[in-house]
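Undergrad: Quick one: sequence plus predicted model below, questions after.
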Amino acid sequence: MAYRNNRKPSKAEMAKSQGMYQDTGVPNTNSENGDSEDMYNETSMELADGTEVSIEEPEMEDEQVEEPVSEEELQNIITAEIDDAQDYIDDVISPERALAGQYYKGEPFGNEEEGRSQAMSMDVRDTVQAMMPSIMKVFFAANNVVEFAPNGPEDIDSAQQATDYVNYCLTRDNNLFNECYSTFKDALIRKNGIMKVWWDTEKDVTTHYFTGLDEATFSVLQADVNIEVKDVEITYGEMMVETPMGMMGQTQPATYDCTVVRTVEKGRLCVQSVPPEEFLIDRRARSIETAEFVAHRRYVTVSDLVKMGYDFDEVQDLGYETLDDFEGNDEAFDRNPQAFVQITGRTDTTSRKVLYIEGYVYVDMDGDGIAELCRVCVAGTANKILHYEPCDFIPFVDFCPDPEPHTFFGMSIADVTMDIQLIKSNILRNTLDSLAQSIHPRTGVVEGQVNLEDVMNTEVGGIIRMRAPGMVQPFTMPFVGQQAFPMLQYMDELRENRTGISKAAAGLDANALQSSTRAAVAATISAAAQHIELICRIFAETGMKGLFKKSLQLITKNQDAPRMVRLRNTFVPIDPRVWDANMDVVVNVALGTGSNEEKMAFLGQVAAKQEMLMQMGAPLVDMQGYYNTLAQMMALAGYKDPTVFFKDPAMMPPPPPPAPPQPTPEEMLSQVQMEAIRADIQKKAAELELQREEMLRKDDRERDKLDADLMIKAAELEAKYGAQVNVANIEAMMQRDRELLKQQGEMDRAAVQAQQAVQNAQMAQAVQQAQMQPEMPPEGMM
């Protein structure tokens with residue numbers, strides 16, 4: 001007996017399982033209404049000792065089937081997620097990022113006083129601008145920051161080709177440099193930079209006008225599925241032709257005039273840097289992939305929605321204004337305040353702005369009890385659902401220079417330098433105020449005894465009119481800014497410790513480096529470079545890996561035809577449909593491996609060692625390994641295509657087989673002797689064959705003569721004596737002898753050939769033995 005729900009069996013159940021009772025089949029009717037209980041049926045049972053017990057068995061409940069999410073429920077879910085995410089971004093995150101943007105642009109703090117210094121220290125901007133060149137150099141140098149790794153030996157070639165082709169699509173079909181520059185700067189200033197990658201299908205529409213087309217050409221145009229023929233005009237011509245009966249008219253084939261509209265759809269991979277205020281995410285999210293809700297909101301026109309494929313009647317009432325406001329988002333206003341000026345003069349419906357949100361949410365759309373990722377597109381302030389469909393992945397990747405564990409938004413460079421900028425600005429202002437007071441001190445005057453206009457005149461050498469001496473007295477203020485200089489230096493050191501960016505690392509501080517050893521300078525520069533390398537490694541691991549992986553998935557899924565592109569200085573057809581879309585992505589950004597100059601010097605030593613081993617003929621190095629070293633050196637030098645300088649041995653045809661060695665004089669002499677002997681044998685064999693042929697021909701002539709004599713004598717006997725001679729028997733006997741002679745000749749020929757073969761073998765063996773004998777020294781050396 002099986003017990004349900006893993007509960008402990010009762011005494012009665014144990015007894016039943018051991019055969020100690022008998023089932024009486026009496027249902028439990030202890031309830032007041034006489035019915036059995038809702039959850040259990042009690043069955044009376046009698047044990048072997050006569051004791052009657054009852055056990056309760058739970059009833060089988062009907063299996064609950066989860067109902068799929070309806071469109072109305074989906075509307076409520078997506079509206080609630082959008083409202084919560086907008087409140088989180090606009091009220092919590094956006095003000096912090098807007099403040100960081102103000103510090104980056106050096107805008108006033110708001111505590112300035114009229115008549116006092118309002119100077120600003122630009123530490124946030126200086127730090128970000130100092131880091132950007134190094135970061136962009138790492139990601140756009142000759143080496144691939146990330147590349148695809150094959151899952152098996154059959155994927156080695158396709159992995160290398162996929163790396164090159166995805167780089168081609170991101171850099172040639174898109175301006176990846178500009179998009180990465182914007183994203184990296186957003187990450188350094190505004191916590192996180194966001195990139196979006198998707199597959200876009202564009203329609204290229206061209207219009208052509210044709211006249212005088214014949215019927216065959218016109219039929220070809222009509223058969224093309226990408227061509228729409230409009231405004232067709234048919235012209236029937238007639239030409240006068242001279243005939244024996246005179247000039248007569250002849251009808252010519254019709255010609256066609258038409259307008260041709262050619263529409264060609266082209267799909268391509270697209271990548272875009274998303275403004276931070278346009279990106280929405282669940283406030284409880286830890287990453288994009290695990291977030292319950294992620295969305296991209298933006299204002300588009302009604303015309304843009306129609307281009308996306310939506311019906312004009314469905315979206316024309318969603319546009320209500322021509323102003324982008326994002327409901328008062330501080331960050332959007334701080335970036336471009338002029339964009340919030342109301343546009344006048346545009347009253348057409350197609351130019352109205354519509355809030356369009358492309359959201360990704362996990363909902364159970366098929367009723368299997370498991371929430372699947374769904375793409376939901378809504379528009380308007382009421383978040384009207386225009387389209388929804390299941391999807392494979394979320395097309396966003398994020399970059400953060402200092403990720404905070406277990407939360408999505410981390411810290412930016414601005415977050416760790418804004419307080420330094422505020423302190424340094426206040427110190428700088430006070431220092432300048434002290435300097436101004438020491439240069440232009442305040443003046444005390446006796447009221448009514450001095451002309452105030454003369455006192456307030458700051459002209460150099462100006463006269464002050466006084467009624468009595470001593471009515472004007474300056475209050476000399478000493479300059480106390482010297483005490484502030486150490487504090488400014490301390491704040492600079494604090495900024496360097498937080499960010500790793502210093503003048504010494506950039507090679508600008510001559511005082512810090514002129515008396516230092518080479519090791520100390522290298523340690524200073526290396527310590528600063530490690531901060532940049534760490535940020536680059538984080539960007540590569542968190543953002544670039546996802547960008548390349550999602551790009552590969554989009555290409556393999558949507559590109560339905562081969563494409564001819566130029567990779568590694570060679571035009572090759574690319575067909576991603578045969579690639580493995582789940583290939584791993586490997587990051588090549590290393591930490592603590594030295595500068596490019598150190599790597600170049602090390603590779604130079606490796607190349608020298610390889611050259612030495614190749615000259616020695618050691619099997620440790622081949623041409624392919626030497627080429628790889630040269631290719632790495634070209635990459636560090638900034639050249640992406642090493643084949644411009646060196647040929648890849650793997651792409652070169654195999655070398656021709658080596659020429660046979662030249663024979664030695666002894667071998668040449670032996671060969672000549674062998675040829676002479678062989679010629680002598682052939683000559684003798686030919687002579688023997690000639691003699692044999694002559695003997696056979698002589699024998700045939702004699703036998704022919706005997707045949708003729710026999711026939712003559714037979715005729716004479718018949719004519720003289722009248723006797724009948726059996727000539728046939730005589731001819732048969734002679735023919736038999738002739739056959740015997742032929743067989744004997746063949747046997748003799750075979751014997752001669754066998755003898756010749758034996759002689760050839762003996763001659764070859766003699767020559768071989770002569771070659772194997774050591775060379776005899778000259779007689780004078782004996």
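TA: Thanks, I have the structure now.
Undergrad: pLDDT weak spots in the stretch 651-782 of the chain?
TA: In the predicted model, the stretch 651-782 of the chain carries pLDDT under 70 at residues 721-734, 736-738, 741, 745, 752, 756, 759-760, 763-764, 766-782.
Undergrad: repeat that for 50
TA: In the predicted model of the stretch 651-782 of the chain, residues 775-782 satisfy pLDDT under 50.
Undergrad: Now do the helices in it.
TA: For the stretch 651-782 of the chain, the helices defined by DSSP state H, counting those that start in this stretch occupy 665-721, 727-772.
Undergrad: Can you list the buried residues in stretch 96-114?
TA: Of the residues in stretch 96-114, 96-104 count as buried by neighbour count, 16 or more other CB atoms under 10 Å. To be clear about C-beta, it is placed using only N, CA and C from the backbone, and glycine gets the same treatment.
Undergrad: By mean pLDDT, which helix or strand of the protein comes out lowest?
TA: Least confident helix or strand, the chain: strand 21-27 with a mean of 40, by mean pLDDT, DSSP states H and E.
Undergrad: Next secondary structure element downstream of the helix or strand encompassing Met132?
TA: Here Met132 is covered by helix 123-139, with elements defined by DSSP states H and E. Downstream of helix 123-139, the next assigned helix or strand under DSSP H and E is strand 146-149.
Undergrad: contacting residues around stretch 358-365?
TA: Outside stretch 358-365, the residues that touch it by CB atoms under 8 Å, 6 or more residues apart in numbering are 66, 68-69, 74, 77-78, 81-82, 280, 292-297, 370-378, 390-391, 394.
Undergrad: thinking again about what came up before, can I get the helices of the stretch 651-782 of the chain in CSV with distance to Thr556 and mean neighbour count?
TA: Listed next are the helices of the stretch 651-782 of the chain as CSV, based on distance: least, CB to CB, whole Å; neighbours: other CB atoms under 10 Å:
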stretch, distance to Thr556, mean neighbour count
helix 665-721, 63, 12
helix 727-772, 65, 12
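Undergrad: circling back to that earlier point, from the contacts of stretch 358-365, which would you call buried?
TA: 69, 74, 77-78, 81-82, 280, 292-297, 373-378, 394.
Undergrad: Tell me which of those fall in helices.
TA: Assigned to helices by DSSP state H, the following of these qualify: 74, 77-78, 81-82.
Undergrad: So which of those residues is the closest to Phe177?
TA: Proximity of those to Phe177 (CB to CB) peaks at Ile82, which lies at 33.2 Å.
Undergrad: thought that closest one was touching Asn383?
TA: Yes. Look at Ile82 against Asn383 with CB atoms under 8 Å: they come within range, at 5.7 Å.
Undergrad: Give me the common contacts of the two.
TA: Ile357.
Undergrad: need the contact list for the residue nearest the centre of the chain.
TA: When CA atoms, centre = their mean is applied to the chain, the residue found nearest the centroid is Val166 (3.3 Å). Neighbouring residues of Val166 by CB under 8 Å, 6+ apart: 148, 548, 551-552, 555.
Undergrad: Leu690 now?
TA: Counted by CB under 8 Å, 6+ apart, Leu690 has zero contacts.
Undergrad: Help me confirm that Ile532 comes into contact with Met131.
TA: Yes. With contacts defined as CB under 8 Å, Ile532 counts as touching Met131 at a distance of 6.2 Å.
Undergrad: which secondary structure elements does whichever strand or helix holds Thr259 contact?
TA: Under the criterion of DSSP H and E, Thr259 resides in strand 255-274. Packing contacts for strand 255-274, counted by 3 or more CB pairs under 8 Å, 6 or more residues apart in numbering; DSSP states H and E, involve helix 156-171, helix 176-189, strand 193-213, helix 215-223, strand 227-235, helix 545-558.
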